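*Asks:* quick one, fold the following:
(one chain, ligands or ions: 4)
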Amino acid sequence: MPGARRFSGPIDLHTHSSVSDGTETPAQLVRAAAAAGLGTLALTDHDSTAGWAEASAAARTAGLTLIPGMEFSTRVGFASVHLLAYLFDPSNAGIVAETARVRQARLVRAEQMVARIGVDYALTWADVLEQTTPDATVGRPHIADALVARGLALTRSEAFAGILHWEAGYYQPHYAPDPLRAITLVRAAGGVPVIAHPATRGAMDVIPEAKLARLAEAGLFGLELEHRENKPEAKARLYALAEKYGLFVTGSSDYHGEGKPNRLAENTTAPEVLERIIEQGIGSAPVYG
Ligand code: AMP
Ligand code: ZN
Ligand code: FE
Ligand code: FE
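*Replies:* Numbers count the residues shown, from 1 in each chain. Ligands and ions are numbered 1, 2, ... in the order given. Predicted coordinates for the structure are as follows:
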């Protein structure tokens, strides 16, 4: 039965490559996933689909299933909300325009943060560019790597806990659409939207029930509740809300290579849930390697 073979092995639907802030190229990431014994991997770089072609070719060689995806930056007030999107059409005009706008806003925001940090520490924009793959979606992890290279932090995580923390005084938000708009765009492009790590700050403050109900109505598919950064209490409440609004639950690692402690397949998604994602994802096709 081909279905059974396709989804044999663990399913990890949230990973990053050097196209955004992961430390491995898309091909290296796919090889690492194969070596870790994964059956299915989704590549979900921030606000970019630029890694899909390389990852697809690598998946064919490595013999694993690749679900092309993206982690769309969205925003509710000052809080950043991440939306995983699977199997949408990467050439859809709405998606192309909105992600270009977000990537540009991220770039300007990173330059402004570095200018502020540079007042107090020996850090320049050139240091950050040295840590960034050309055309990558720029984020705080690249600034963190520059801080490490300058000896101003020991690791990415230390930089995030210190200089890059929102309370340290250098943090700045960037433009991102409301999740409602992003969900509408993803569905219009034939994709399947899932809110990433929705319980990281006891996130009921960020997405109250009434808002979640509207997002579900707009086409939200699911919630990524099995993720190491979700807080147990908020997670329990969101499990109940997922049930109430007919949302599916996914689990994934949010692997960033050496850039984060998260390991491949430390959380996984049920094959039945992946089947539904593939049924509903009509903007692009999975790669069965
Ligand atoms: P940004 O979107 O630019 O604000 O940066 C957030 C990104 O940094 C997310 O993709 C996180 O996964 C990543 N990140 C957050 N905390 C850490 C950490 N402690 N170490 C490494 N990466 C992190
Ligand atoms: Zn990231
Ligand atoms: Fe995220
Ligand atoms: Fe992520």
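*Asks:* can you give me the helices in the chain?
*Replies:* Counting by DSSP state H, one finds helices in the chain at the ranges 2-6, 26-35, 52-62, 93-120, 125-130, 140-149, 156-161, 179-188, 209-217, 232-245, 271-280.
*Asks:* relative to ligand 3, which of those helices is closest?
*Replies:* Among those, helix 140-149 comes nearest to ligand 3, with 11.0 Å by C-beta to the ion. Heads up, the C-betas are built off the backbone N, CA and C, glycines and all.
*Asks:* distance of P134 relative to ligand 1?
*Replies:* Computed as C-beta to the nearest ligand atom, to the nearest Å, the P134 to ligand 1 distance reads 18 Å.
*Asks:* write out the residues of the stretch 151-289 of the chain neighbouring ligand 1.
*Replies:* 156-157, 160, 256, 259-260 (C-beta under 6 Å from any ligand atom).
*Asks:* of these, buried ones?
*Replies:* 156, 160, 256, 259-260 (16 or more other C-beta atoms under 10 Å).
*Asks:* also near ligand 2: which of those residues, exactly?
*Replies:* Among those, none lies close to ligand 2 by the criterion of C-beta under 5 Å from the ion.
*Asks:* and the residue of the stretch 1-150 of the chain that's closest to ligand 4?
*Replies:* Taking C-beta to the ion, ligand 4 has its nearest neighbour within the stretch 1-150 of the chain at E71, 4.8 Å off.
*Asks:* show me what that residue is bridged to.
*Replies:* Counting by DSSP bridges, E71 forms beta bridges with H46, L84.
*Asks:* confidence score at it?
*Replies:* Here the pLDDT value assigned to E71 is 99.
*Asks:* test my guess that it contacts S80.
*Replies:* No. Judged on C-beta atoms under 8 Å, E71 makes no contact with S80 at a distance of 10.9 Å.
*Asks:* more crowded one of the two?
*Replies:* Using other C-beta atoms under 10 Å as the criterion, E71 and S80 rank with E71 on top: 25 against 14.
*Asks:* what residues are up against the more buried one?
*Replies:* Counting by C-beta atoms under 8 Å, 6 or more residues apart in numbering, E71 touches 14, 16, 20, 44-47, 82-85, 196.
*Asks:* drop anything exposed from these.
*Replies:* Buried members of these, counted by 16+ other C-beta under 10 Å: 14, 16, 20, 44-47, 82-85, 196.
*Asks:* now tabulate those in JSON lines and tack on pLDDT.
*Replies:* Formatted as JSON lines, these follow (pLDDT from 0 to 100):
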{"residue": "H14", "pLDDT": "99"}
{"residue": "H16", "pLDDT": "98"}
{"residue": "S20", "pLDDT": "98"}
{"residue": "T44", "pLDDT": "99"}
{"residue": "D45", "pLDDT": "98"}
{"residue": "H46", "pLDDT": "98"}
{"residue": "D47", "pLDDT": "98"}
{"residue": "H82", "pLDDT": "97"}
{"residue": "L83", "pLDDT": "98"}
{"residue": "L84", "pLDDT": "99"}
{"residue": "A85", "pLDDT": "99"}
{"residue": "A196", "pLDDT": "98"}
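*Asks:* if we check ligand 2, which of those residues are in contact?
*Replies:* Among the buried ones among the contacts of E71, proximity to ligand 2 is found for H16 (C-beta under 5 Å from the ion).
*Asks:* look up how far ligand 2 lies from the residue nearest to V138 when sequence neighbours are not counted.
*Replies:* Leaving aside its chain neighbours, V138 sits nearest to A110 (4.7 Å; criterion: C-beta to C-beta, 6 or more residues apart in numbering). According to C-beta to the ion, to the nearest Å, A110 stands 13 Å off from ligand 2.
*Asks:* tell me the residues of this structure that contact ligand 4?
*Replies:* Within the chain, the positions adjacent to ligand 4 are 71, 254 by C-beta under 5 Å from the ion.
*Asks:* give me the helix or strand of the chain that scores worst on average pLDDT.
*Replies:* Using mean pLDDT, DSSP states H and E, the weakest-scoring helix or strand in the chain turns out to be helix 2-6, at a mean of 50.
*Asks:* residues in contact with the residue in the stretch 1-150 of the chain positioned nearest to ligand 1?
*Replies:* Nearest to ligand 1 in the stretch 1-150 of the chain, going by C-beta to the nearest ligand atom, is G139, at a distance of 2.9 Å. Contact analysis of G139 by C-beta under 8 Å, 6+ apart lists 20-21, 46, 106, 110.
*Asks:* sweet, I'm off.
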